[in-house]
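> build me a model from this:
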Amino acid sequence: MDASKESTMSLTEVRGEMVIGAGKVVGRHGQARAVDPALLTEIEPPFGQCGPDDVERACALAEAAFDSYRETTLAQRAAFLERIADEIMAIGPALIERAMQETGLPRARLEGERGRTCNQLRLFAQVVRAGRWLAATLDSALPDRTPPRADLRLRKIPLGPVAVFGASNFPLAFSVAGGDTASAFAAGCPVVVKAHAAHPGTSELVAKAVQRAVAACGLHEGVFSMLIGAGRTIGQMLVSDPRIGAVGFTGSRAGGMALVRTAAERPVPIPVYAEMSSINPVFMLPGALARSGPALAQGYVDSLTLGAGQFCTNPGLLIAIAGPDLDAFLAQAAAALNAKPAATMLTPGIHQAYAAGVEQLAQAAGVVTLAEGQSSSGGCAARAALYQVEAEIFLSDPTLEAELFGPASLIVRCRDLDDMRRVAQHVEGQLTATMHAAPSDHAYAAALLPVLERKAGRLVFNGFPTGVEVSHAMVHGGPFPSTSDSRSTSVGANAIERFLRPVCYQDVPEDLLPLALQAGNPLGIPRLIDGELHIAG
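Purely as a prediction, here's the structure:
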C-alpha cells in the first residue's frame with residue numbers, strides 16, 4: 001500500500017478509539033456500538049468505553065496545556081482554528097456517510113452542517129485576530145488627584161480547561177468541534193469533549209481531525225481530548241474534576257440541571273452553560289392571519305417538521321385568536337401536515353420519548369387532535385402531529401408547556417389580544433419567540449415586544465425560528481429553562497464571553513504587562529483608554 005493511500009485511510013477509518021492528548025485510545029471499561037436509527041441495527045466497530053483513569057489523564061493533560069495555550073499569540077490561535085476546519089474538510093465524504101448512518105439525517109442536511117461547523121471555526125479565527133474580546137482597557141494614573149489614582153489596566157483571560165458535551169441532534173455543529181469547542185478554543189481554553197453516544201464514529205473522525213490540527217500547530221497535546229463512555233458517569237466525573245473550569249452542554253433539562261448541581265456542589269463551583277428546554281412560541285397576530293394565513297400555515301408546518309422536529313428552535317407552540325381567519329389557517333396547516341411523511345428520529349430513545357409524549361398530549365384534558373402526518377412502521381420513524389387547546393385550559397395546566405422534542409405542536413386558541421398577552425406572560429424562558437404581524441398589528445406588537453424580551457433570547461418577526469445563523473449578532477440562549485445562564489449565547493461571536501473573566505493590573509511594570517495592555521499596543525487591537533475608544537492602525 002502506498003503512503004498516500006495509507007494516509008487517506010487514516011483520515012476516514014473508524015477504529016472505535018477515543019483521543020486523549022496525542023494518543024488514540026481504546027477504552028477498557030466495556031464496549032458499546034452505535035445504532036442505525038433507520039434500520040435499528042448496530043454499526044461496527046465496537047467502541048471501548050472510558051473509565052476514571054481516562055478522565056484523569058485527559059484532565060491532567062488539559063491542565064498542563066492551559067498556561068502555554070492561553071498565551072499563544074492571536075495569530076497562532078486563529079491559525080489553529082482554521083486548521084481544524086481544514087482537517088475536517090479533508091476527511092471528505094466518509095464523514096458525511098458515517099454521520100448519515102449514525103443519525104438517519106439526509107446527506108444535504110449533514111453537508112450543510114459540516115459547512116456551518118467549519119464556518120464557525122473560521123468566524124472565531126476572525127474574532128480572535130480582531131482582539132476585541134480581550135476588552136483591553138487602560139485608565140491612566142492620576143498621581144496629583146486627591147485621592148491619587150493608580151495606573152489600572154484590564155484584560156480578559158480564559159477560565160481554564162472546558163468540558164464540552166456533544167449534542168444528539170447536531171453530530172457536527174454542536175459536537176466534538178462544534179460551537180462550544182470552537183468558542184472555548186478561541187478564548188484560550190483547552191477542551192475535553194464527552195462524545196454523544198449516538199454518533200461515536202462521527203465523533204472519532206472529527207476528534208482525530210482536531211488532534212492532527214493540534215500537532216500541526218505545535219501546541220501542547222493536552223489542548224484537546226475526546227472521551228467516549230457512559231454518559232452520566234463520565235459526565236459527572238468530568239464536571240467534578242477540580243481542573244475543569246467551565247462546562248458547555250446542549251441537551252435535556254434533566255441532564256443540564258444534573259450538571260449544574262454537580263458544578264455548584266464542588267469545593268470551587270464553576271459555571272455550566274447548558275442549553276436545555278424551549279418550545280419557541282409563535283404569536284400569530286390578527287392582521288397577519290387575515291392577510292396571508294394560508295402561506296403562513298405552510299411555512300409553519302415546514303418549520304415544525306424540519307429535521308423530524310429535532311431542532312432546539314422548533315415551533316412547539318402557536319398562539320392565535322379564535323375566529324374564521326384562524327380556522328382557515330388551521331385547515332391549511334392540517335392539510336399540509338397530513339401530507340408530511342414520517343421521518344427518522346436520531347435515536348431509539350428519542351423516538352420512544354416522542355411517542356410517549358404525543359400520546360400523553362393527545363389524552364390531556366381539553367386537547368383536541370387536529371392533524372397527524374403519515375405513519376410508518378420502519379425504524380425510528382416519527383409521525384408529525386398538530387393539537388389545539390383553549391387558552392384558559394393551557395394557562396391552568398403546566399404539563400401542556402413541557403417540551404416535546406419532535407414534529408408536534410400545540411395551538412393555543414385565545415379569545416382576544418388580552419388572552420394572547422396572558423399566554424406570553426405565562427410561558428417559561430425560551431430560546432426564541434416569534435411574531436407574525438401586518439402593519440395593522442404593529443401597535444399591539446409594540447406592546448407585546450417588552451413581554452417577549454423578558455422571555456426569550458431571540459425575537460423573530462415574520463419568519464420562523466428554525467435556522468440559527470452563525471454571526472456576530474446572533475443570540476442562541478435565553479432565560480431559564482432554555483438555558484442555565486441567560487447572559488450567554490452558545491452560537492455566534494459572543495459565545496467566547498462564556499469562557500473568559502476580567503483581570504485588573506494595578507501599577508504593574510511595563511515589561512511585566514501582557515501584550516494587550518502594553519503602552520505601544522503591540523497586538524494592534526482596539527482599546528479603551530481613559531474612557532475613549534482607540535482603534536489601532
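
> check which helix or strand covers the nearest residue to residue 481 once chain neighbours are set aside.
Leaving aside its chain neighbours, residue 481 sits nearest to residue 277 (4.6 Å; criterion: Cβ to Cβ, 6 or more residues apart in numbering). All C-beta atoms are positioned from the backbone trio N, CA, C, and that covers glycine. Of the helices and strands defined by DSSP states H and E, none includes residue 277.

> residue 277 contacts residue 482, doesn't it?
Yes - counting by Cβ atoms under 8 Å, residue 277 does reach residue 482; the two are 6.3 Å apart.

> same question for the one helix or strand residue 192 maps to, mean pLDDT?
Applying DSSP H and E as the criterion places residue 192 in strand 191-194. Strand 191-194 shows a mean pLDDT of 98.

> and stretch 142-158, by the same measure?
On average, stretch 142-158 scores 97.

> work out the gap between it and the centre of the chain.
Computed by Cα atoms, centre = their mean, to the nearest Å, the chain-centroid distance of stretch 142-158 equals 38 Å.

> for it, which positions count as buried?
Neighbour counts using 16 or more other Cβ atoms under 10 Å place 150, 151, 152, 153, 154, 155, 156, 157, 158 of stretch 142-158 among the buried residues.

> so what sits opposite the last one in the bridge?
Looking back up the chat, that one is residue 158. residue 500 (DSSP bridges).

> got it, and the third one?
The bridge-partner assignment for residue 152, based on DSSP bridges, gives residue 139, residue 506.

> tell me the phi and psi of the closest residue in space to residue 135 that isn't next to it in sequence?
Once flanking residues are discounted, residue 135 sits nearest to residue 156: 5.1 Å by Cβ to Cβ, 6+ apart. In this entry, residue 156 is assigned phi and psi values of phi -100, psi 140 (degrees, to the nearest 10).

> got a list of what residue 31 touches?
16, 46, 47, 48, 49 (Cβ atoms under 8 Å, 6 or more residues apart in numbering).

> with distance to residue 508 added, can I get those residues in a markdown table?
Shown next, in a markdown table, are these (distance: Cβ to Cβ, whole Å):
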| residue | distance to residue 508 |
| --- | --- |
| 16 | 50 |
| 46 | 54 |
| 47 | 49 |
| 48 | 49 |
| 49 | 48 |
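
> what residues does the residue lying closest to residue 151 once chain neighbours are set aside make contact with?
Distance criterion Cβ to Cβ, 6+ apart; nearest residue to residue 151, sequence neighbours excluded, is residue 141 at 4.0 Å. Residue 141 sits next to 148, 149, 150, 151, 507 when contact means Cβ under 8 Å, 6+ apart.

> I figured the fourth one hits residue 509, correct?
This means residue 151. No - if you go by Cβ under 8 Å, residue 151 and residue 509 don't touch, sitting 10.0 Å apart.

> any idea which helix or strand carries residue 175?
Per DSSP H and E, there is no helix or strand for residue 175.

> so the nearest residue to it once chain neighbours are set aside versus residue 334, what's the distance?
Closest residue in space to residue 175, ignoring its immediate chain neighbours: residue 166 at 4.0 Å, by Cβ to Cβ, 6+ apart. Residue 166 sits 37 Å away from residue 334, going by Cβ to Cβ, to the nearest Å.

> count of residues packed around residue 423?
Burial of residue 423 is recorded as 20 neighbouring residues (other Cβ atoms under 10 Å).

> tell me the secondary structure of it, please.
Following DSSP: H, G, I helix; E, B strand; the rest coil, residue 423 is assigned to helix.

> so who does the residue nearest to residue 481 touch?
Residue 277 touches 252, 253, 403, 428, 481, 482, counting by Cβ under 8 Å, 6+ apart.

> scan those and report the most crowded one.
Counting neighbours by other Cβ under 10 Å, residue 482 comes out on top of the contacts of residue 277 with 28 neighbours.

> list phi and psi for it.
Torsion angles at residue 482 (phi, psi; degrees, to the nearest 10) stand at phi -60, psi -40.

> does it touch residue 433 like I think?
No - the criterion here is Cβ under 8 Å, and residue 482 misses it with residue 433 at 10.4 Å.

> overlap in contacts of the two?
With Cβ under 8 Å, 6+ apart, residue 482 and residue 433 have common neighbours residue 456.

> next one: whichever helix in the chain runs longest to chain centre, how far?
Using DSSP state H, we find that the single longest helix of the chain is helix 107-130. The chain centroid and the centroid of helix 107-130 are separated by 13 Å, computed with Cα atoms, centre = their mean.
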